[in-house]
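Novice: What follows is a predicted structure for the sequence shown.
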Amino acid sequence: MDAIVTAGGRLNADDPLFQQTGFEKKALIPLAGRPMIAWVIDALSASGVVDNIVVVGLQPHELELPLKNLHFIDSRGNLIDNLFAGMGKLQELNPELEKFLVFSSDIPLVTPATVRGFLAECGDQSADLYYAVVEEATMEARFPNSKRTFVPLKDGRICGGDAFLVNVNAANGNIDLARSLVGVRKNTLAQMRLAGIGFLIRFLFRRVTMQELGQHAGRKTRLDARVVDTQFAELAMDLDKPAQYTMIKAELEKQVASQV
């Protein structure tokens, strides 16, 4: 198994997170003495299930991590181009590549157990795409007042995670769809419009379940797409806001102090 870590995000000068941290490159925000992305890379590398790791959006000198299986490529300017560039690099490193993980650089509370656990939750891994979501109760039990936005479904409220398991062939066959989706990834209603008016109406009246969400995505994309109701809240605890920065920073500092 190989992995991509996306690290192309930039903070504008008027972004509250930039004003609090002073870092333009989001992946390099320091947490407990290390760049944020280093915690994600460590979790993947130490999981025992990941071989090559490609970081998209940074250069080696910006991290200086002594890992032989760590590779870097420049950002291509947007999320989708970065993902396909990262996949191309993985295929260059491993021509037999069949599937790969995608983690964002802003979920620094993930651990090796988180990586292994998510893959286990994907079952036999035979589907084209797996996407992690976290139920509100799971998130709030692990991270009270996480300030995440939850989407109401028939069987609960969920927030999206930042972890995917992707089939290479499926990715190559859906580039145009991926480009259309990336522009609305933060807009749930826009995503539902892409899914179709009937599905939008059912969604608005909370008649859609998590299982139906994955099944419908599969029909629209001609993929076997599956929503993973993960028990690992760390996969959705991304660092986007000052309050989340404060919470995550305190959590990591506590972990480091306990190891001394």
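Specialist: On my side now, so go ahead.
Novice: for the record, mean pLDDT for stretch 138-148?
Specialist: Stretch 138-148 shows an average pLDDT of 89 in the prediction.
Novice: In PDB, list the C-alpha atoms belonging to that stretch.
Specialist: Taking Å, rounded to 0.1, in the frame of the first residue of the first chain, the C-alpha atoms of stretch 138-148 are listed here in PDB:
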ATOM      1  CA  THR A 138     -18.300   9.800  17.600                       C
ATOM      2  CA  MET A 139     -16.700  13.100  16.900                       C
ATOM      3  CA  GLU A 140     -18.100  14.900  20.000                       C
ATOM      4  CA  ALA A 141     -17.100  11.900  22.300                       C
ATOM      5  CA  ARG A 142     -13.500  12.200  21.100                       C
ATOM      6  CA  PHE A 143     -13.300  15.900  20.500                       C
ATOM      7  CA  PRO A 144     -16.000  17.900  22.400                       C
ATOM      8  CA  ASN A 145     -16.700  21.300  20.800                       C
ATOM      9  CA  SER A 146     -14.700  20.400  17.700                       C
ATOM     10  CA  LYS A 147     -16.500  23.100  15.600                       C
ATOM     11  CA  ARG A 148     -17.000  20.700  12.700                       C
END
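Novice: Which of the helices or strands spans Ala243?
Specialist: Taking DSSP states H and E as the definition, one finds Ala243 inside helix 242-259.
Novice: Who are the packing partners of that helix?
Specialist: helix 16-21, strand 30-31 (3 or more C-beta pairs under 8 Å, 6 or more residues apart in numbering; DSSP states H and E). For glycine as for every other residue, the C-beta is placed from the backbone atoms N, C-alpha and C.
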